[in-house]
Every structure is written in structure tokens, then in C-alpha cells.
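Colleague: Got a predicted structure plus its sequence, pasted below:
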Amino acid sequence: MNIHLNMVFYRYIALVFCLLTFSTLALSQKKDFKIACVGFYNLENLFDTVNDTLINDEEFLPEGEKAWVTEKYEEKIANMAYVISKLGTDLTNQGVSILGVSEIENRKVLQDLVAHPLLAKREYKIVHYDSPDKRGIDVALIYQAAHFKVLESSKHPLKIYADEGYRKYTRDVLHVRGTLDGEPMNILVNHWPSRSGGAVRSAPYRNEGAKLCKSIIDSLENVYPDSKTILMGDLNDDPTSPSVKTYLRAKRNADEVKKGGLYNPMEVFYEKGIGSNAWRDSWSLFDQLIVSEALLDNSQEGYFYYKAEVYNKKFLTQKSGQYKGYPFRTFSGNSYMGGYSDHYPVFIYLLKEI
């Protein structure tokens with residue numbers, strides 16, 4: 001009996017030793033990572049209240065159809081600042097380091113936005129160019145200068161033409177080359193042509209947007225091999241649309257992406273019925289972030305893609321009325337709703353071993 005107890009005891013000690021050894025090994029392999037958040041947000045017609053005679057902004061004036069007075073403008077700025085202040089904070093206290101935006105009237109509205117008390121401490125800087133869009137809405141980039149340094153920026157005109165032959169003026173593609181915590185990074189900010197006139201009829205315009213972006217990305221790959229590039233924007237198309245799948249050639253699965261190719265983490269969300277905007281009780285995922293193959297390799301030094309998120313929090317969702325369940329918007333027609341935007345923000349996390 002004593003011999004049996006002794007054998008059990010020694011086996012127990014051996015098991016404890018093995019478990020402790022395994023635990024120590026696991027702890028010794030623990031890694032620490034720096035986290036960066038990169039996002040995109042369609043701000044839904046962020047206009048100021050001042051008439052610009054060079055663009056069609058008349059509806060967003062105090063005497064315009066939307067009675068766009070200072071009080072509404074200031075509330076809109078506060079709403080946008082609140083949302084942006086929350087992006088990425090689940091994993092990083094610094095919040096979103098780089099944010100592409102669309103549907104902004106000019107640089108001044110962004111200056112007002114980043115100066116808001118909820119954002120001022122982050123000291124966001126701005127990259128903005130006026131675009132030829134007939135309504136005067138542009139894309140832009142805001143970034144925390146403590147983390148991202150701009151080396152150069154440029155705008156690339158998206159030239160599309162109606163069947164009658166005249167040019168249809170739309171938003172440019174914004175390219176920003178910089179360094180994220182010292183690491184080279186390229187950002188492309190987009191707002192492709194709308195579906196006005198029907199999705200099928202207008203599809204060639206968005207295909208042109210995709211072809212322009214693919215050309216820019218291929219050129220970057222030639223000049224900067226293994227370039228880490230993030231394409232973002234309101235594409236007015238879903239992840240499975242021809243513009244994204246056929247012309248950008250963005251892949252659903254990371255393991256299918258070849259050198260110089262693109263991975264679209266938003267396609268899985270779309271398959272699950274998760275969207276960033278809604279129309280006639282149907283969800284779309286027009287707001288996307290697509291990353292280059294170089295951001296998928298976590299065996300190399302530097303930042304790599306970790307995961308994506310559609311920021312569809314309850315406070316951003318309409319609770320009643322015609323648009324119940326939709327993103328809580330600023331306007332329904334000309335009726336002021338006092339919400340945020342008719343699009344949810346989207347973002348990705350990047351990790352970097354330290």
C-alpha cells in the first residue's frame with residue numbers, strides 16, 4: 001500500500017513539474033506589440049455655413065434648403081469629433097493614428113474638427129486638396145503627427161466621361177506617402193462615383209476608380225518594392241463588386257494574395273450581412289480598407305495587419321422612425337436629425353513587435 005502511494009506521489013510531482021515547465025516556456029515566448037489604428041469615415045456632408053461661389057453648396061447655407069445654421073454646424077462638428085475620439089480605443093489609448101475622410105467641403109471644416117476639445121490633444125494634422133467635384137466635396141487625411149510623418153502627397157484625378165462624351169467631375173484619389181512610427185507607409189483615400197442613375201449603369205465609373213488605384217499601387221510597388229499600402233474609402237461598391245474583385249483584384253483570403261497583391265478583410269463582414277451603410281432596407285459595405293501583401297507578413301520586422309472592424313456601436317444607430325436600425329444620420333432629406341453620419345466608420349489594427 002505504501003509503495004503504491006509513493007508511486008502515485010512521484011507521478012503527481014512529475015506531472016506538476018511538466019506543467020510548470022510548460023507554463024514557464026509559454027511565458028518566455030510571450031511577445032509585446034505596439035498597436036496602431038488606421039481608419040476611414042464618410043462624414044456625410046460636412047459643410048460650413050459660408051457660401052462658396054465656386055461650388056454648389058447653396059443647400060448648406062443658413063438660408064438654404066437645410067437651414068444650415070451655426071448651431072447645427074457646431075453640433076455636427078461635436079458629433080464627428082466624439083466618434084473619431086472613440087475609434088480604436090478598445091485596444092490603444094492613442095486612438096486612430098491615421099484617418100481618411102470623405103464628404104468634407106474644404107480644409108476649414110477639418111481645421112474646426114481637429115481643434116475640437118475632444119481631439120485637440122492628439123494634435124491631428126491635415127492633408128487636403130480641393131477636388132473638381134461639382135458639389136465641392138473632397139477626400140482628405142488627418143493624422144497624429146506624433147506617429148505619422150508625411151513625406152509627400154499628391155492628388156490623382158479620376159477622369160470619367162458620360163455617354164455623350166463630356167467629362168463627369170468627381171473626387172480625386174488622394175495619395176499620401178509617409179512613415180508610421182518610422183516605417184514607410186502609403187495611404188490612398190477614395191470616394192468613388194456614386195450609383196446615381198443605377199448601380200449597373202454607373203458601374204463603369206467605379207471600375208475606372210479601381211483601375212486608377214491599381215495603377216498607382218503597381219507604380220508604388222515598382223519604385224518601393226514590398227511597399228506597405230492601405231487603400232481606403234467610400235467605394236460606392238461592395239467587396240464583391242467587379243470594381244473591387246476584378247479590377248483591383250482584391251482577395252477575400254489572405255493566403256491567396258500573391259506578391260504585390262491586395263487583401264480585402266471587409267469581404268468576410270459583407271458575407272455575414274454586416275454593412276457600413278443601408279438603403280431601402282438593404283445593407284451595403286461601401287466603406288472599406290484594403291491592404292497590400294507586404295502588410296500580411298508577420299514574420300518580418302515592422303507593422304503587419306491584425307484585424308478589421310466596422311464601428312457600428314448602438315449610439316451610432318437610429319433607434320426609431322423610418323431609418324430605425326440604420327446609421328444615425330444628420331439629415332433625412334431636408335429634415336435635421338441631429339445624428340452623426342449615414343455611414344459607419346471602419347478601421348483596422350496594425351501590430352508591431354517591440
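Modeller: That came through, no problem. Residues are numbered from 1 along each chain as shown.
Colleague: how about the strands in the stretch 151-300 of the chain?
Modeller: With DSSP state E, counting those that start in this stretch applied, the stretch 151-300 of the chain shows strands at 160-161, 167-168, 173-180, 183-191, 229-234, 250-251, 262-263, 277-279, 282-284, 287-292, listed in chain order.
Colleague: In CSV, list the C-alpha atoms belonging to the longest one.
Modeller: This file holds the C-alpha atoms of strand 183-191, laid out as CSV (Å, rounded to 0.1, in the frame of the first residue of the first chain):
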residue,chain,number,x,y,z
GLU,A,183,8.2,52.8,-41.1
PRO,A,184,7.3,53.6,-44.7
MET,A,185,3.6,53.5,-45.5
ASN,A,186,1.4,54.6,-48.4
ILE,A,187,-2.2,55.6,-48.0
LEU,A,188,-4.8,56.0,-50.8
VAL,A,189,-8.0,57.8,-49.9
ASN,A,190,-11.0,57.4,-52.2
HIS,A,191,-14.6,58.4,-52.7
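Colleague: Just the buried residues of that strand, please?
Modeller: Judged by neighbour count (16 or more other CB atoms under 10 Å), strand 183-191 contains these buried residues: 184-191. In this view, the C-beta of every residue, glycine as well, is placed from N, C-alpha and C.
Colleague: Over to stretch 337-346?
Modeller: Neighbour-count burial for stretch 337-346 [16+ other CB under 10 Å]: 339-346.
Colleague: do the same with stretch 174-183
Modeller: 174-178, 180-181.
Colleague: coming back round to it: which members of the buried residues of stretch 337-346 are the farthest-apart pair?
Modeller: Within the buried residues of stretch 337-346, G339 and V346 form the most distant pair, 17.8 Å apart (CB to CB).
Colleague: Can you give the contact residues for the helix or strand harbouring E71?
Modeller: Using DSSP states H and E, E71 sits in helix 70-86. Residues from elsewhere that reach helix 70-86 (CB atoms under 8 Å, 6 or more residues apart in numbering): 41, 43, 46-49, 62, 95-96, 99, 109, 112-113, 116-119, 311, 313, 316, 330, 336, 338-341, 345.
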